[in-house]
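S.K.: I would like the atomic coordinates for the input below:
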Amino acid sequence: MSYTNIVIKYSFCLLVLDLVKTKKKMASGGAKSSYTQFLQQIDKSLKPYITGDSESIAQQEDRAASVRKSLDALIAEAKEIGGLPPGELNVFGSFSNGFKTGGSDLDIVYISEEVSQQNAVRILQTIMNLADKYGFDNITKIFQANVPILKFSDKDSGIEVRAF
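M.R.: Presented below is the predicted three-dimensional model:
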């Protein structure tokens, strides 16, 4: 099975899930524009794979690599100033498994033997405090969740990062 077929099947699954979620909204007439926007996003995201636009795919890869370099530098500084215990940054989700689309976010997790639920918020706070210095903005902290999350976007590419 080709990469394009896998992407199309994955996107079709996402479309089916969205249809299930929006069925009630559509019945009330309130979701037509958001549903149309969703379909347009799917079309935009799949177009490079369907048409073979390797330049667009390469641009996405370059932007993702640039964001990853910024994140690695941010984590290195956080370790230097003592805000992070020894460990490593891992990417997971669509960016790591090849299913990313134009609107995908970059999911990251910091893995360390010394990270616990109690100090996870402190670690995310350290990342948050350095984010602007490394070219990130639109910072949103969701620290009250069962799994604390920090969201921010790369200023240049617009790629959203979710840190767990």
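
S.K.: can you give me the helices in this protein?
M.R.: Taking DSSP state H as the test, the helices found in the chain are 3-28, 32-51, 54-80, 94-97, 117-131.

S.K.: and those, which one's lowest on average pLDDT?
M.R.: Ranked by mean pLDDT, those end with helix 3-28 at the bottom, a mean of 53.

S.K.: so what's the residue count around Lys151?
M.R.: Using other Cβ atoms under 10 Å, Lys151 is surrounded by 16 other residues. C-beta: built from backbone N, CA, C; applies to glycine.

S.K.: residue contacts, it?
M.R.: Contacts were defined as Cβ atoms under 8 Å, 6 or more residues apart in numbering; by that measure Lys151 touches Asp105, Asn138, Ile139, Thr140, Lys141, Ile142, Glu160, Val161, Arg162, Ala163.

S.K.: pick out the lowest-pLDDT one from those.
M.R.: Sorting these by pLDDT puts Asp105 at the bottom of the list (81).

S.K.: what's the domain layout of the protein?
M.R.: By the record's domain assignment, the chain is partitioned as 3-52, 56-163 (automatic domain parsing).

S.K.: ok, back up a step: possible to save the contacts of Lys151 as JSON lines with distance to Asp62 and neighbour count?
M.R.: Formatted as JSON lines, the entries for these read as follows, by distance: Cβ to Cβ, whole Å; neighbours: other Cβ atoms under 10 Å:
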{"residue": "Asp105", "distance to Asp62": "17", "neighbour count": "15"}
{"residue": "Asn138", "distance to Asp62": "21", "neighbour count": "13"}
{"residue": "Ile139", "distance to Asp62": "24", "neighbour count": "15"}
{"residue": "Thr140", "distance to Asp62": "26", "neighbour count": "12"}
{"residue": "Lys141", "distance to Asp62": "29", "neighbour count": "17"}
{"residue": "Ile142", "distance to Asp62": "29", "neighbour count": "12"}
{"residue": "Glu160", "distance to Asp62": "17", "neighbour count": "18"}
{"residue": "Val161", "distance to Asp62": "16", "neighbour count": "24"}
{"residue": "Arg162", "distance to Asp62": "21", "neighbour count": "16"}
{"residue": "Ala163", "distance to Asp62": "22", "neighbour count": "23"}
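
S.K.: how about those, which pair is most distant?
M.R.: For these, the farthest-apart pair by Cβ to Cβ is Asp105 and Lys141; their separation is 15.6 Å.

S.K.: for Ser66, which residues are in contact?
M.R.: Listed by Cβ under 8 Å, 6+ apart, the contact set of Ser66 reads Asp154, Asp156, Ser157.

S.K.: cool, thanks, talk later.
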